[in-house]
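1. Next input, structure requested:
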Amino acid sequence: MWQDMEKIAKKLYEEMELFKQGLKRARFTGQSQDGKVMIVCNGMEEIVSAHLYVDGIDQDLKKHLENSIEEAANDALNKVRESLRQKANEFTGGIGLDF
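-> Residues are numbered from 1 along each chain as shown. Model (predicted):
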């Protein structure tokens, strides 16, 4: 019986890992109404890239701003995830559910 449960748990873990890999590869794009800002996220809710479409801006400054937007957005999202983890641990008594 325990061997069957171990096999099921191992298979479930492997399937979850494949699912996470698929989410990591998935891409979702959001764009501002004026079309000047585009953000690309993966299925793990991570910002993959930020793009600015602004005329007359120095390319080095543009790249710096894109990187800064990406970093700031990921920082904010990481803080949200950490807060959710803490709240979930309080709610579940710390049984280790990963959100």
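
2. List the buried residues in stretch 57-75.
-> Neighbour-count burial for stretch 57-75 flags 65-66, 69-70, 74 (criterion: 16 or more other C-beta atoms under 10 Å). In short, each C-beta sits where N, CA and C put it, glycine included.

3. Identify all contacting residues around stretch 17-36.
-> Contacts to stretch 17-36, defined as C-beta atoms under 8 Å, 6 or more residues apart in numbering, come from residues 37-44, 48, 52-54.

4. Quick check: helices, which of those are part of them?
-> The helices, defined by DSSP state H, take in nothing from the contacts of stretch 17-36.

5. Out of those, which end up buried?
-> Buried among the contacts of stretch 17-36 (16+ other C-beta under 10 Å): 37, 39-41, 48.

6. if I look at Ala72, how far off is Gly22?
-> 27 Å (C-beta to C-beta, to the nearest Å).

7. quick one: contacts for Leu77?
-> 45-47.

8. Which stretches in the chain count as strands?
-> For the chain, strands defined by DSSP state E occupy the ranges 28-31, 37-41, 47-52.

9. Just the C-alpha atoms of the longest one, please, in CSV.
-> Read that as strand 47-52. The C-alpha coordinates for strand 47-52 follow below in CSV (Å, rounded to 0.1, in the frame of the first residue of the first chain):
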residue,chain,number,x,y,z
ILE,A,47,7.8,39.8,-15.9
VAL,A,48,10.0,38.5,-18.7
SER,A,49,10.5,41.8,-20.5
ALA,A,50,9.3,45.4,-20.8
HIS,A,51,9.3,47.4,-24.0
LEU,A,52,8.9,51.1,-24.5
